[in-house]
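Q: Got a predicted structure here, sequence first:
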Amino acid sequence: MSLEQEVELIRRFPIFSKITPAKQKLLCFSSERLTYAAGQEIFRAGAVGDACYVVIEGTIDISVDLPNKGSLVIGSMGSNEIMGEIAIFGHVPRTATATAKTKVEVLRISADLFRSVIRENPDAAIELIRILAARLANTTAHLSRLSSPAAA
């Protein structure tokens with residue numbers, strides 16, 4: 001895929017759509033495009049967060065390990081979604097495990113580059129906050145459903 005095609009692809013992602021074309025090109029040039037097979041782990045809870053991932057294609061399950069209960073899928077990610085950013089901005093280990101549910105193609109963006117994009121682009125920062133707020137609301141609703149008496 002050419003650099004121009006990569007830039008066109010990155011423009012589809014809400015978080016990167018309003019950054020300058022020069023920064024979009026730098027983002028594409030400096031990022032790594034990766035493919036994972038269904039069942040393959042992308043990152044594990046507790047690992048160092050050295051990058052975030054933008055989902056180009058496919059579905060990814062996000063899960064947490066529960067003591068004595070195994071793994072619980074708390075959400076899924078699909079095209080045009082970003083994951084792994086909490087470890088970057090929170091300076092904490094990965095909070096969950098990401099596993100490809102289907103064949104997945106992602107753009108891996110280093111922590112330094114992603115922080116630079118967010119720092120220099122207020123619209124991208126606002127979009128990131130919106131994404132995190134929606135994710136927190138969805139996770140809270142999911143956990144509430146799981147803990148309700150009807151779920152038991």
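A: Arrived safely. Residues are numbered from 1 along each chain as shown.
Q: Could you list the paired strands of the helix or strand containing G75 along with their orientation?
A: If you go by DSSP states H and E, G75 is part of strand 70-77. Strand partners for strand 70-77, identified by DSSP bridges, are recorded as strand 60-66 (antiparallel).
Q: Show me which positions of the strand it pairs with end up buried.
A: Residues of strand 60-66 classed as buried by neighbour count (16 or more other Cβ atoms under 10 Å): 60-63. Every residue, glycine included, has its C-beta placed from N, CA and C.
Q: What of stretch 106-125?
A: Quick answer for stretch 106-125 (16+ other Cβ under 10 Å): 106-109, 111, 113-114, 117-118, 121, 124.
Q: Could you do stretch 15-34 as well?
A: Within stretch 15-34, the residues that count as buried by 16+ other Cβ under 10 Å are 15-16, 19, 23-24, 26-28, 31.
Q: farthest-separated two in the residues you listed?
A: Farthest apart among the buried residues of stretch 15-34 by Cβ to Cβ are I15 and L26. That separation is 15.0 Å.
Q: By mean pLDDT, flag the weakest helix or strand of this protein.
A: helix 3-10 (a mean of 82; mean pLDDT, DSSP states H and E).
Q: now what about that one, what contacts it?
A: 1, 16, 21, 24-25, 27-29, 33, 54, 56, 107 (Cβ atoms under 8 Å, 6 or more residues apart in numbering).
Q: so where do the helices sit in the chain?
A: Per DSSP state H, the chain carries helices over the ranges 3-10, 21-30, 85-90, 111-120, 122-147.
Q: mind putting those helices in JSON lines, distance to S76 included?
A: Shown next, in JSON lines, are these (distance: least, Cβ to Cβ, whole Å):
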{"stretch": "helix 3-10", "distance to S76": "21"}
{"stretch": "helix 21-30", "distance to S76": "25"}
{"stretch": "helix 85-90", "distance to S76": "16"}
{"stretch": "helix 111-120", "distance to S76": "22"}
{"stretch": "helix 122-147", "distance to S76": "10"}
